[in-house]
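> what's the 3D shape of this:
(one chain, ligands or ions: 1)
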Amino acid sequence: MELNEALYTTRAMRRVKADAVPDEVQAAILDAAIRAPSGGNTQNWRFVVVTDESVRSRLAPLYRRAYAALNETIYAGRLEAAQESGDEATIRVMRSSSWLAENFEQVPMWLMAYSRNDPTGASIYPAVWSAMLAARGHGIGTCLTTILGIFEGEATDEILGVPEGRGWTLKAAVSCGYPLGRWGVADRAPAHQVAYADRWGEAPAFEVPDPLWP
Ligand SMILES: Cc1cc2nc3c(=O)[nH]c(=O)nc-3n(C[C@H](O)[C@H](O)[C@H](O)COP(=O)(O)O)c2cc1C
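Next up, the predicted model:
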C-alpha cells in the first residue's frame with residue numbers, strides 16, 4: 001500500500017468481523033511495530049496479542065466497566081451536549097465507541113501495549129501507531145483505546161499474567177479485525193487552522209482546504 005493511503009485512511013475502525021487475524025499478519029504487524037523509535041532506543045515495551053476467546057471474554061466486562069467509568073467522569077454529559085447541539089460527528093464517535101464496548105469479545109484480536117521506565121510516557125505510541133498502519137496495510141481495521149489501562153489496569157494485568165512490581169503499565173489496547181465498514185479519509189480541522197509559522201498565532205505560508213490525498 002502507498003504510504004499516503006495508509007496515513008490518510010487509518011481511521012478508528014471499531015466495527016469489525018469476528019474472522020481471525022492470521023498468525024502471519026499478526027507477525028507482520030508486530031514486526032513493523034518494533035521498528036518504531038523509542039526514547040534512547042530503550043525499546044521498553046511488551047505486547048500481548050490477545051486472540052483467545054476465553055481471555056477476550058474475561059477482559060470484556062472490564063472494558064465495559066472502564067467505558068462506563070469514562071462516561072461517568074471524563075466524558076460526563078458529552079453525549080447529551082452533542083445531542084442538544086446537533087454535533088453529529090461526536091454522536092457518531094460515541095455510538096461507535098459504545099459498539100466496541102458492547103462487542104469487545106467479538107473483536108478477534110486485541111493488541112495490548114505495555115511500557116515501563118519511560119518518564120516521557122510517549123515512547124510506546126510510535127510503535128502502537130506503526131502497528132495500526134501496518135494493520136491497515138493488511139486490510140485490518142484498528143482502534144487505539146486507553147481506558148482499560150486508565151480504569152482497569154490492575155485487573156487486566158492479572159488476567160494477562162503481567163508480572164507484578166516490575167513497572168509494566170498498560171498504555172494502549174488496540175482492537176484489530178477485518179472491517180465491516182469502508183475506509184475513508186479522516187476528516188479533521190485543516191492544517192492551516194492548527195499550525196503557525198514561527199510564532200504562535202502567525203498564519204503559515206500554506207492553506208490546505210482539502211486533503212492532499214488522493
Ligand atoms: C489516546 C487515544 C485514546 C483513545 N481512546 C479511545 C477509547 O477509549 N475508545 C474508543 O472507542 N476510541 C478511542 N480512541 C479513538 C478516537 O476516538 C479516534 O481516534 C478519533 O475519534 C478519530 O477517529 P477517526 O480517525 O475515525 O476520525 C482513542 C484515540 C486515541 C488517540
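> tell me the contacts of Glu28?
One correction, residue 28 is Ala, not Glu. Under the criterion of CB atoms under 8 Å, 6 or more residues apart in numbering, the contact partners of Ala28 comprise Ala134, His138. For the C-beta atoms, the positions are set from N, CA and C on the backbone; glycine is no exception.
> let's see it at 10 Å
Shown in contact with Ala28 (CB atoms under 10 Å, 6 or more residues apart in numbering): Pro22, Ala131, Ala134, Ala135, Gly137, His138, Ile140.
> helix, strand or coil for the residue nearest the centre of the chain?
Closest residue to the average C-alpha location of the chain: Leu144 at 0.7 Å, with CA atoms, centre = their mean. For Leu144, the secondary-structure state derived from DSSP: H, G, I helix; E, B strand; the rest coil is strand.
> Wait, it touches Ala173, no?
Yes. Assessed by CB atoms under 10 Å, Leu144 is found in contact with Ala173 at 8.2 Å.
> Name the residues contacting each of these two.
Common contacts of Leu144 and Ala173 (CB under 10 Å, 6+ apart): Leu111, Ala113, Val128.
> Give me the buried subset of those.
Applying a neighbour-count criterion of 16 or more other CB atoms under 10 Å, the buried members of the shared contacts of Leu144 and Ala173 are Leu111, Ala113, Val128.
> Let me know the closest of the residues you listed to the ligand.
When these are ranked by distance to the ligand (CB to the nearest ligand atom), Val128 comes first, at 8.9 Å.
> ok, that closest one - contacts?
33, 36, 45, 47, 111, 113, 115, 142, 144, 146, 171-174.
> In CSV: those, plus secondary structure, distance to Ala186 and pLDDT.
As requested, the contacts of Val128 are exported to CSV (DSSP: H, G, I helix; E, B strand; the rest coil; distance: CB to CB, whole Å; pLDDT from 0 to 100):
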residue, secondary structure, distance to Ala186, pLDDT
Ala33, helix, 21, 98
Ala36, coil, 20, 98
Trp45, strand, 26, 98
Phe47, strand, 25, 98
Leu111, strand, 20, 99
Ala113, strand, 21, 98
Ser115, strand, 26, 98
Thr142, strand, 13, 98
Leu144, strand, 13, 98
Thr146, coil, 19, 98
Lys171, strand, 22, 98
Ala172, strand, 18, 98
Ala173, strand, 21, 98
Val174, strand, 17, 99
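> How about stretch 143-150, which residues are buried there?
When burial is assessed from 16+ other CB under 10 Å, stretch 143-150 yields the following buried residues: Cys143, Leu144, Thr145, Thr146, Ile147, Leu148, Gly149.
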